[in-house]
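Asker: 3D, please:
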Amino acid sequence: MGDEQDGVILRCEHVSKRFGGLLAVDDVSFTVERGQVFALIGPNGAGKTTLFNCITGLFPPTEGGILFEGLDIAGARPHQVARLGIARTFQNIRLFEYMTALDNVRVGQHARMHAKLWDSLFKLPRERREEREVTERAMELLRFVGLERNAHDYARNLAYGQQRRLEIARALATQPRLLLLDEPAAGFTPQEKVELMELVESILGRGITVFLIEHDMRLVMGISHRIAVLDHGEKIAEGSPEEVRRNERVIEAYLGRSA
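Answerer: Just a heads-up that it's a prediction; the model follows:
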């Protein structure tokens, strides 16, 4: 209940993750405020995606707690985490290549559908109504990310930037309250990065909190309310963009001691 009252949507408490002898995430704690953009940055191999995987149920943390809206979700399965209201995209795009953009987004809504197998087999009114609503919502999300004209194109035929947007639309289809974006601007042109920043602002406008991993420092500094920095699995800094920008340990981690 405390998290509900103080505006915290996600809380990581002393989270560690080991793979054999490798300590990939080392005693990391932070909080993500509702309605904000929280960024996780750090050099390659710092443990950022591993931490995302712990939050979204792909890996159970070895130690520590992960609380979403006050509920400890450490060790929950990915489908359970999704149903609670957390969605994510991946560093490497994971779309159904031989399905249309529309069907990719429709698939994202199935966790929220209520029609039973009996309804589906006999195409009962409830199932038909729900399928119609799913299609309408999928089209609305495609409009939201700027892909309405591509609704009936196969995902594999979309341009790279369009595929990234489609993956965001599919994640939004699960009706999350917290959206995790893993390297959403990777491979983007400068103009696509500007459009991504605008899209993130629009997502916030829908009442969805955004937690992202990103290497593009200009983008991170431009849209984040708070930033945490990992290096070799350890959190070395946290604060506002201006505080992180000036932090000596952050500068050293990115540029080397001599810099």
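Asker: residue ranges with poor pLDDT in the chain?
Answerer: 1-6, 111-124, 255-259 (pLDDT under 70).
Asker: just want the most central residue of it.
Answerer: L180 (1.3 Å; CA atoms, centre = their mean).
Asker: what about it, is that helix, strand or coil?
Answerer: Assigned state for L180: strand (three-state reduction, DSSP: H, G, I helix; E, B strand; the rest coil).
Asker: how about it, what does it touch?
Answerer: 52, 55-56, 86-89, 211-212 (CB atoms under 8 Å, 6 or more residues apart in numbering). Yep, even glycine has a C-beta here, placed from its N, CA and C like the rest.
Asker: which one among those gets closest to H232?
Answerer: F52 (16.9 Å; CB to CB).
Asker: would you list the buried entries among the contacts of L180?
Answerer: Buried members of the contacts of L180, scored by 16 or more other CB atoms under 10 Å, are 52, 55-56, 86-89, 211-212.
Asker: closest to E63 out of the residues you listed?
Answerer: I55 (14.5 Å).
Asker: one step back: look up how far V220 lies from the residue nearest to the centre of the chain.
Answerer: Remark: distance between L180 and V220 (CB to CB, to the nearest Å) = 15 Å.
Asker: repeat that for E133.
Answerer: Taking CB to CB, one finds E133 at 37 Å from V220.
Asker: of the two, who's got more company?
Answerer: V220 (21 against 12; other CB atoms under 10 Å).
Asker: show me what contacts the residue lying closest to the residue nearest to the centre of the chain once chain neighbours are set aside?
Answerer: Take L180 and drop its neighbours on the chain: the residue closest to it by CB to CB, 6 or more residues apart in numbering is R88, 3.9 Å away. Contact analysis of R88 by CB under 8 Å, 6+ apart lists 52, 56, 171, 179-182.
Asker: will you turn the residues you listed into CSV that also has distance to V15?
Answerer: Below are these laid out as CSV (distance: CB to CB, whole Å):
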residue, distance to V15
F52, 11
T56, 13
A171, 22
L179, 20
L180, 15
L181, 19
D182, 17
